[in-house]
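[1] Sequence isn't available, so here's the structure alone:
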C-alpha cells in the first residue's frame, strides 16, 4: 500500500532534481514525490544527512553534527503528513535531567524535566527567580506559538505573504526585537540563570547580544516541550526520512556529487541539465530536469554550479553574518565518563568567547563548550564498558585551522575539561576523529567554514532570510538552513515543505512573485 497521504498528482510527470540529502533535501523529496513528481536526490557523501553524519566504527556510533532532538511535534507533523508516525522509524527516549551545566568556578547544576524542579533550581540562585521562571516560560510559550503559527508553519518569504491579518495581529511581539540578553535581564539578574536562558541561541548560530528576544521561544522548546534522544542517534532520524522518501517514490543517489547546473528556458518551461561526477573520474553524466531544488549553500550553487552569466551576488553574501563554525572532537573512551547525556561547560563570564566569534575573530582562551555522551542513554552508541563522547566548541567562521593550531586547541580543551569538569580520559581513548573550519568549507562548501548557515540576527530572521526561489533563475529553489525559516533540524523539515509548496504553486502558474526583501534580489 502506498504511504501517500492523499491522491495528489499535482506534479505528475514533473522531473525534479534535489541537490543534497540533508534534512531540507530529504523533506523536499518526500513532499514532492508525494505530489506525484519524479524526484532524484543527488548526495555527494555515502550516506544521506548532510551535516547530520555519523561515525560507525569499532562498535561506536557517533553523530557528527546535530545531537539535540527538540520540537518533537514538528517531526510528528512531518511523518503524519504522509500517514506515518515517528515510531515506525525510530524510538525516542525523553531525557531527565534535560542537561547538566558545569561552570568553571566549580559549580554544577542539572536541569530537571519538571517545572517544579526547574523553579527550585532557579530559586536556589536568586530569591524570587522561581516564580519569575513561570512568567518567563509563559512568555516563551506565547513567543513560540506566535512564531510557529504565524511565521514558521506558514511560508512568508514574499510580499503577499506578509499582507495577512495574522501578521498584523502580531504587534505585541515588537518588544522582543531587542536583544535576547536585554530581554532576559528583565526576568533574572543572576548571570548563571541568564546563561541557562540564553545558551540555546548557539543552536541558532547567534549570541545573546546579537539575536532578537523573539527567540525566548527556545526556552519553551527545551524546558516546556522536553529534550529527547532517538535510539541510534540523529542518524536514525535521517535513515527514517530517507526510507520514507524512497517509499514515496524518490530515488536517492549517494556518492554522486553534482558538478554543474545548466539552466535553459525551453518553450514548455524551465529545463535544467544537471551534471554529476561519475565513479572513476570519467566524463560527467548529465540528466535533464524540469526544476532543481538545491539543499546546498547558495554561495556554492551560484559560484561553482551555475554558469558564469548567472548572478553570483558575491557582495551580498560577503555582507552576511554567518553562524559560528566549530571545533569538534569525537571520542570512543574505555570506561566511564562522569558527565550527563548533554553537558554545557561554561565560564562565568562568556561574553569574551562570543566577542571572539562575532566581533574580533580569534581562537578562544577560555572557551564555552558542549559535551555530548549519548552512551549514557543509548546502548547502540558504544560497546559495553565504553562511552561515546562528542565535544563541540563554537568558533568564529573563517579562522585558520592548520594542524598545529588544531592540536594545540585540542590540548587546551582536554585540559579545560579535566580542570573544570573533573573529566580526564586522555589515557583511555580508543577512537578519535575531529572536524573544524576547513572541513566544513571543503566537505560542505560552507562559506567561511560555518558549521550552521546564516546567523539569526534581526536582519536575518524570518522573512529577512533568503527566499526559496533563486533570483534570476526560474525553476531553481533553495532549501535548508540558509533560507526561511532557518537553522535547525525542525526548521529544515519545514523549509522542505515550503519549497514543495512553492514548486506546486509555480507549476500551477501562480508563482514567481517579487520576494519580500532584498535578501532575494540580485545585487
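    Good, I have the coordinates. Just so it is clear, the structure is predicted and the values come from calculations on it, not from any experiment.
[2] can you pull out the helices in the stretch 401-523 of the chain?
    Applying DSSP state H, counting those that start in this stretch to the stretch 401-523 of the chain gives helices spanning 403-421, 437-444, 489-507.
[3] same question, the stretch 201-350 of the chain
    217-219, 234-247, 298-300, 314-318.
[4] Which one of these lies nearest to residue 95?
    Smallest distance to residue 95 across the helices of the stretch 201-350 of the chain (Cβ to Cβ): 14.1 Å, for helix 234-247. In this view, the C-beta of every residue, glycine as well, is placed from N, C-alpha and C.
[5] Show me how far that closest one is from its chain's centre.
    17 Å (Cα atoms, centre = their mean, to the nearest Å).
[6] quick one, phi/psi of residue 12?
    When read as degrees, to the nearest 10, the backbone of residue 12 gives phi -60, psi 130.
[7] Tell me who's in contact with the nearest residue to it once chain neighbours are set aside.
    Sequence neighbours aside, residue 36 is the residue nearest to residue 12 in space, at 3.9 Å (criterion: Cβ to Cβ, 6 or more residues apart in numbering). By Cβ atoms under 8 Å, 6 or more residues apart in numbering, residue 36 lies in contact with 8, 9, 10, 11, 12, 13, 14.
[8] Local confidence estimate at residue 36?
    In this model, residue 36 is scored at 96, pLDDT.
[9] for the stretch 1-150 of the chain, which spans come out with low pLDDT?
    1-7, 147-150 (pLDDT under 70).
[10] Let me see the ranges of the strands in it.
    Secondary structure of the stretch 1-150 of the chain (DSSP state E, counting those that start in this stretch): strands at 15-19, 38-42, 54-57, 60-63, 92-94, 99-103, 108-111.
[11] Now distance to residue 253 too, for these, in TSV please.
    Below are the strands of the stretch 1-150 of the chain laid out as TSV (distance: least, Cβ to Cβ, whole Å):
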stretch	distance to residue 253
strand 15-19	10
strand 38-42	5
strand 54-57	19
strand 60-63	23
strand 92-94	30
strand 99-103	38
strand 108-111	42
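[12] Which of the contacts of residue 36 are buried, as a ChimeraX select command?
    Filtering these down to the buried ones (16 or more other Cβ atoms under 10 Å) takes a single ChimeraX command:
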select :11,14
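[13] Just put the helices of the stretch 201-350 of the chain in TSV and tack on mean pLDDT.
    Listed next are the helices of the stretch 201-350 of the chain as TSV, based on pLDDT from 0 to 100:
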stretch	mean pLDDT
helix 217-219	85
helix 234-247	98
helix 298-300	94
helix 314-318	89
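[14] Can you tell me how far residue 95 is from residue 102?
    Counting by Cβ to Cβ, to the nearest Å, the gap from residue 95 to residue 102 is 17 Å.
[15] Same check on residue 213?
    According to Cβ to Cβ, residue 213 and residue 102 sit 26 Å apart.
[16] Likewise for residue 453?
    28 Å.
[17] Looking at the two, which one has more neighbours?
    Remark: of residue 453 and residue 102, residue 453 carries more neighbours, 28 against 21, as counted by other Cβ atoms under 10 Å.
[18] I'd guessed the more buried one sits against residue 480; true?
    Yes: the pair residue 453 / residue 480 is scored as a contact, 7.2 Å apart, by Cβ atoms under 8 Å.
[19] Near residue 310, how many residues? Count them for me, please.
    By other Cβ under 10 Å, the residues close to residue 310 number 19.
[20] Contacts only, for it.
    Contact analysis of residue 310 by Cβ under 8 Å, 6+ apart lists 263, 302, 472, 473.
[21] what about burial for those residues, which qualify?
    Among the contacts of residue 310, those scoring as buried are 263, 302, 473 (criterion: 16+ other Cβ under 10 Å).
[22] So which of those residues is the closest to residue 111?
    Using Cβ to Cβ, residue 302 comes nearest to residue 111 of the buried ones among the contacts of residue 310, at 42.1 Å.
[23] any idea how far residue 95 is from residue 197?
    19 Å.
[24] Between these two, which has more neighbouring residues?
    Taking neighbours as other Cβ under 10 Å, residue 95 and residue 197 compare with residue 197 leading, 26 against 21.
[25] Can you give me the distance of the nearest residue to that one once chain neighbours are set aside to residue 206?
    Once flanking residues are discounted, residue 197 sits nearest to residue 184: 4.8 Å by Cβ to Cβ, 6+ apart. Between residue 184 and residue 206 the distance is 13 Å, computed by Cβ to Cβ.
[26] More neighbours: which of those two?
    residue 206 (31 against 20).
[27] I'd guessed the more buried one sits against residue 459; true?
    No: here residue 206 does not reach residue 459: they are 11.7 Å apart, not a contact under Cβ under 8 Å.
[28] Just the strands from the stretch 301-450 of the chain, written as ranges.
    Using DSSP E, counting those that start in this stretch, strands in the stretch 301-450 of the chain cover 325-334, 342-346, 369-372, 386-395, 429-435.
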